[in-house]
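Peer 1: Predicted structure and sequence below. I'll ask about it afterward.
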Amino acid sequence: MDYEDFGSDEAEDFAGESADDAELSTRKVRLSVDGEENLSEFTRREFVATTGILTAGISLGWPTFSSAASTIVNPDVDTQSDANAIAVAVGLVVNGAKHQLNLDPRVTLLDALRENLALTGTKKGCDHGQCGACTVLVNGRRINSCLALAVAHDGDKITTIEGIANGEELHPVQAAFLEHDGFQCGYCTPGQICSAVGMLNEAQEGAASYVTANVGRTSPVELTEDEIRERMSGNICRCGAYPGIVAAVKRSNEVMQKAR
């Protein structure tokens with residue numbers, strides 16, 4: 001690359017600049033490409049402006065040549081075969097039925113239930129384990145299925161909202177939710193009901209909560225309204241149907257106690 005200085009005819013366009021700056025501003029770059037010289041009308045000011053635009057673009061995440069090239073799909077590569085190559089065999093017992101699935105090891109239990117088994121009663125809310133809409137029962141214990149990998153529950157017994165009822169007979173928790181209007185839009189209700197069923201079993205086994213007075217007890221815990229609110233606090237109802245939910249859980253506990 002060769003450089004050649006031209007006259008100061010353009011220097012007067014940069015009034016107020018020093019002589020050196022004016023000379024740099026009017027400097028042209030003569031590029032030698034394949035033995036031929038091409039004159040590039042590229043001034044110092046244009047160079048600074050162009051550099052500034054490119055720098056801002058990169059900082060804002062404009063795609064670069066390297067990132068664009070990395071997204072090019074090679075038609076000779078069988079992406080489906082690659083996906084199947086990493087699939088893992090997973091056996092799940094869902095609502096009493098056995099299912100054998102071949103899943104990507106990164107698939108969550110929630111997505112496996114919804115996408116692979118079409119059990120869409122289990123809802124995807126926050127997908128971060130904060131709202132409880134995805135609650136299911138695994139071996140009788142309630143969990144947030146959006147935080148559980150399906151492969152980690154190979155062979156486990158899973159109960160979703162579709163398996164809570166006994167045929168046409170509603171579970172006492174389901175019946176109580178209808179009786180006490182424990183829902184409004186209904187989106188969180190499957191998770192609320194599954195969580196309530198699991199929670200009632202925990203209380204029956206004597207599991208203590210933050211508000212339990214005697215944490216050393218092994219007998220069933222008396223479910224006061226404070227106990228119910230604390231134990232169900234992991235399930236959010238954005239409609240604010242909490243009074244009905246608490247009343248429904250309290251009523252279902254009474255019914256289940258009488259049936260024992």
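Peer 2: That came through fine. Quantities reported herein were computed from a predicted structural model and do not represent experimental measurements.
Peer 1: So residue 90 is in contact with residue 152, correct?
Peer 2: No - with the criterion set as Cβ atoms under 8 Å, residue 90 and residue 152 do not qualify as a contacting pair; they are 9.2 Å apart. Glycine gets a C-beta too; all of them are placed from N, C-alpha and C.
Peer 1: Which residue of the two possesses the greater neighbour count?
Peer 2: residue 90 (23 against 12; other Cβ atoms under 10 Å).
Peer 1: Show me what that one bridges to in the sheet.
Peer 2: For residue 90, the beta-bridge assignment (DSSP bridges) gives partners residue 101.
Peer 1: Who are the contact partners of it?
Peer 2: Applying Cβ atoms under 8 Å, 6 or more residues apart in numbering, we find residue 90 in contact with 100, 101, 102, 103, 112, 150, 151, 153, 154.
Peer 1: Is it possible to get a markdown table of those that adds neighbour count, distance to residue 256 and pLDDT?
Peer 2: Below are the contacts of residue 90 laid out as a markdown table (neighbours: other Cβ atoms under 10 Å; distance: Cβ to Cβ, whole Å; pLDDT from 0 to 100):
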| residue | neighbour count | distance to residue 256 | pLDDT |
| --- | --- | --- | --- |
| 100 | 8 | 34 | 97 |
| 101 | 17 | 33 | 97 |
| 102 | 11 | 39 | 96 |
| 103 | 22 | 35 | 95 |
| 112 | 25 | 30 | 97 |
| 150 | 25 | 31 | 97 |
| 151 | 18 | 34 | 97 |
| 153 | 21 | 26 | 97 |
| 154 | 14 | 31 | 97 |
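Peer 1: Just flag the most distant two among the residues you listed.
Peer 2: Pairwise distances across those (Cβ to Cβ) peak at 15.2 Å, for the pair 102 and 153.
Peer 1: circling back to that earlier point, just put the contacts of residue 90 in a markdown table and tack on distance to residue 220.
Peer 2: Shown next, in a markdown table, are the contacts of residue 90 (distance: Cβ to Cβ, whole Å):
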| residue | distance to residue 220 |
| --- | --- |
| 100 | 38 |
| 101 | 37 |
| 102 | 43 |
| 103 | 38 |
| 112 | 34 |
| 150 | 33 |
| 151 | 35 |
| 153 | 28 |
| 154 | 33 |
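Peer 1: Show me which of those residues is closest to residue 125.
Peer 2: Using Cβ to Cβ, the shortest approach to residue 125 within the contacts of residue 90 belongs to residue 112, at 16.9 Å.
Peer 1: Please tell me I have it right and the closest one contacts residue 104.
Peer 2: No - shown here, residue 112 and residue 104 do not form a contact pair, counting by Cβ under 8 Å, at 9.7 Å.
Peer 1: Run through the stretch 51-200 of the chain and note the low-pLDDT ranges.
Peer 2: Residues of the stretch 51-200 of the chain that meet the criterion pLDDT under 70 lie in 54, 56-85.
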